[in-house]
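**Student:** no letters, just coordinates:
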């Protein structure tokens, strides 16, 4: 059964490689044993991606004796090269959300918001509270909204699973009749009219909508991906 699932996933990925993503091979990011998801770009060149790494700990309360610790990488050339951001050794869990503004990095880690003004050399706890409350307060427009509502385009029915908005643009990602396939649609007038963008292999990776121009994500093994919206 595992081999069958692997074959199906491989075929799905290959069949969807005709999508419109522009791929940039990422140098400096090490995948294993890390998992990267939250992503933010302040402009077309400067961006940051966060996640977690698993480290063996004999004193861990987890059965597998693996604890999660935050990781982050920063790029200054649009995703071609990445530099790791240091974290204090006593900070546990992965990064749930992340922002970059000049030399300032803001991270949401579980129920704690931390901030560095020198690209990770020193960290300060800004606030501790409920994760969703912190996310709504400090990251109101940074990331996607997870939705499960009906959507029709032409004579086909879909289910919206993600929505990304900035100023004039909204991008939705939907499930359709095809298994393990995402369908992308865009609206430029608050959802009154929609245009089909593309379909691609299904993915739960976080995306980021940059200036109504690009949808950006990091998807191994392809690296940084940008979907041009104009």
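**Tutor:** In hand now; what should we look at? For clarity, every value in this text was computed on a predicted model and none was experimentally measured. Numbers count the residues shown, from 1 in each chain.
**Student:** and residue 176, how many neighbours?
**Tutor:** 15 (other Cβ atoms under 10 Å). (Each C-beta comes from the backbone N, C-alpha and C, glycine too.)
**Student:** who touches it in this structure?
**Tutor:** Neighbouring residues of residue 176 by Cβ atoms under 8 Å, 6 or more residues apart in numbering: 156, 157, 158, 159, 183, 199.
**Student:** now swap in residue 105 and tell me
**Tutor:** With Cβ under 8 Å, 6+ apart, residue 105 has these contacts: 48, 72, 74, 85, 98, 99, 115, 116, 119, 120.
**Student:** skip the chain neighbours and tell me the closest residue to the third one.
**Tutor:** Counting by Cβ to Cβ, 6 or more residues apart in numbering, the nearest residue to residue 74 once its immediate chain neighbours are dropped is residue 48, at 4.8 Å.
**Student:** the helix or strand hosting the one you found: what's the following helix or strand?
**Tutor:** Here residue 48 sits within strand 47-56, counting by DSSP states H and E. Using DSSP H and E, the next helix or strand after strand 47-56 towards the C-terminus is strand 66-75.
**Student:** need the next SSE after that following strand, C-terminal direction.
**Tutor:** Assigned by DSSP H and E, the successor of strand 66-75 is strand 83-84.
**Student:** what comes into contact with the strand holding residue 48?
**Tutor:** 29, 33-41, 65-75, 78-79, 82, 85, 93-95, 97-100, 105, 107, 208, 216, 218.
**Student:** show me what the residue nearest to residue 74 is bridged to.
**Tutor:** With DSSP bridges as the criterion, residue 48 is bridged to residue 40, residue 74.
**Student:** wait, doesn't residue 78 sit right on residue 44?
**Tutor:** Yes: with contact defined as Cβ atoms under 8 Å, residue 78 reaches residue 44; the gap is 5.9 Å.
**Student:** and the residue lying closest to residue 131 once chain neighbours are set aside, how far is that from residue 125?
**Tutor:** In space, and not counting its chain neighbours, residue 131 is closest to residue 111: 5.3 Å by Cβ to Cβ, 6+ apart. Distance, residue 111 to residue 125, using Cβ to Cβ, to the nearest Å: 11 Å.
**Student:** again with residue 101
**Tutor:** For residue 101, the distance to residue 125 (Cβ to Cβ) stands at 18 Å.
**Student:** so residue 134 sits in a strand?
**Tutor:** No: judged by DSSP: H, G, I helix; E, B strand; the rest coil, residue 134 forms no part of a strand; its state is helix.
**Student:** begin at 10, not 1, for the rest of this chat.
**Tutor:** I'll keep to 10 as the first residue from here, and by that count the last item is residue 143.
**Student:** about what we covered before: now the strand holding residue 57, how far from the centre of its chain.
**Tutor:** On the basis of Cα atoms, centre = their mean, to the nearest Å, strand 56-65 sits 12 Å off its chain's mean C-alpha point.
**Student:** pretty sure residue 165 contacts residue 186?
**Tutor:** Yes: with contact defined as Cβ under 8 Å, residue 165 reaches residue 186; the gap is 7.4 Å.
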